[in-house]
Structure formats: structure tokens, C-alpha cells
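Student: Give me a model of this one.
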Amino acid sequence: MGDVVDAERADGTRDGDGRLARRGPRPPRRAPSSWGALTARELGGARRAHLLAAIATVTMPVLLGGAHVANTRSYEVLAWASIALVVVRIGRTGDTRWWLAAGVLVGVGAEFNHPAAGFGVVLLAAVLLGPARRSVADRRLLAGIGIAVLLVLPDLWWQARHGWAMFEMTRALNAQNGGPQYIFPWIVGQLGMACLALAVLWTAGLRFSWRSGRPLWRCIVITHAVL
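Tutor: A predicted model of the protein is given here:
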């Protein structure tokens, strides 16, 4: 009985019959808020900016509503936040050794949810096709790409052996939720998941990143616009 109580305290989830519904580690819900504060610091924000970024991130409805469930979405959010943090740091310091960490994050994030790989691909295209190529594209970037590909290969192997199930799922979701009539609800849903107040911080942060003159920070803005 004591073990069950301890598990309940650690997990806090029961089903409708009062039985323990799930055991295991909690998904990461505090980490993205810490990453938000760290990103604000990398962007040159003061302590007040760190606190504001942390509060804004941790109060996002998508985290409050979904981070207590151990599904792929929780870890995908963490992966995106981590990739953005690393890229902002590279843009500030010019230390391209962090591309190795970015490669690990893209590869592991893609194992949880494929859109993390999309984030990495669009960001890479923005780097290689823009001014950032001259300052941060080197052998370490190539090494980071290699790491990401190696980590994704097992998933690609499984997909190939099972008829590329991810494309079938994408087609099914597009048939159910795609089309011009869903564009406006999608925009409203994005604002709802992130909180309208946080959208104001988005705008300020993207504007600051673009006006900073740092090529890699501008790549993040472009990636955000594309995705």
C-alpha cells in the first residue's frame, strides 16, 4: 500500500475507478520554462527578462494541458526549446562546437516527433542559403548533421519496412483537418495553445532577433515564419 501511495504522489494520476492509471517518470514541464529564461539571457536580457520569459513559458496552455501526460508532444516541445537555445548561443558566441549538441537534439527530438526534424531542416536551409553560412557553417556543422542523421536512421529503417506509416498518418490527418477552411481555426488554435499574452513576447523577441544584425538569429526568425 505504501508503494502505491508513493507512486501516486510521484505521478498524481488515477483513472475513473480510483486505480493508479500510470506509473513512470513525469514528462518535462519545468524544463521548457528554464530554457525560456536561459534563452532570454543568451539574447542579452536582464534578470527581469529571464523571469518574464520563464513565467510566460510555464503558463502556456499547451504545457499546462499536456505536460502531465507522457506522450511525444511534451518531449517535442522540450526538443524545440533546446534546439532554439543552442542556436541562439551559437549566434551570440560564434562557438560552432555547439552544432554537435544541436545535432543530438534534432536527432533525439525527431525520434519523439518528426516535426523536430522539420525544424532542423528548415533552420539548416536558412543557414546555408543566407549570410550565416559565412560565419557558422564549418566542419562542426557537418558533424552535427551527421549525428542527427545517424540518430534518425533507425526510425527511417522502421518506416521503410512498414510502408512509411508516417506519410499515411499525415494523409489521414490532412484529410480530416486540412483545407483552406481550417486556416483561421489553426491560427486561433496556435494563439490559444501558446496564450495570447505570450504572442506579444513572440513578436517582440522575433523583432529584436531580426534587428540584432546577427545572421544566425535571423535564421531563427525565418524558420519561425516558414513553420
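
Student: centroid residue for the protein?
Tutor: By CA atoms, centre = their mean, the mean C-alpha position of the chain lies nearest to residue 80, the distance being 1.6 Å.

Student: thinking residue 56 is in contact with residue 199, fair?
Tutor: No: counting by CB atoms under 8 Å, residue 56 does not reach residue 199; the two are 10.0 Å apart. Where C-beta positions appear, they are placed from N, C-alpha and C, glycine not excepted.

Student: More neighbours: those two, which one.
Tutor: Higher neighbour count among residue 56 and residue 199: residue 56, with 20 against 12, using other CB atoms under 10 Å.

Student: residues touching the closest residue to that one other than its chain neighbours, list them.
Tutor: Nearest non-adjacent residue to residue 56, counting by CB to CB, 6 or more residues apart in numbering: residue 198, 4.8 Å away. Applying CB atoms under 8 Å, 6 or more residues apart in numbering to residue 198 gives the contacts 56, 57, 59, 60.

Student: Assign a three-state SS to residue 198, would you?
Tutor: Following DSSP: H, G, I helix; E, B strand; the rest coil, the label given to residue 198 is helix.

Student: quick one: it from residue 180, how far?
Tutor: Separation of residue 198 from residue 180 (CB to CB, to the nearest Å): 27 Å.

Student: so how many other residues sit close to residue 167?
Tutor: Neighbours of residue 167 (other CB under 10 Å): 10.

Student: Phi, psi for it please.
Tutor: phi -70, psi -40 (degrees, to the nearest 10).

Student: ok, it to residue 114 distance?
Tutor: Following CB to CB, the distance that separates residue 167 from residue 114 is 10 Å.

Student: can you check residue 218 too?
Tutor: On the measure of CB to CB, residue 218 and residue 114 end up 25 Å apart.

Student: I'd say the residue nearest to the centre of the chain and residue 118 touch.
Tutor: No: using CB under 8 Å, residue 80 is not in contact with residue 118, being 10.2 Å away.
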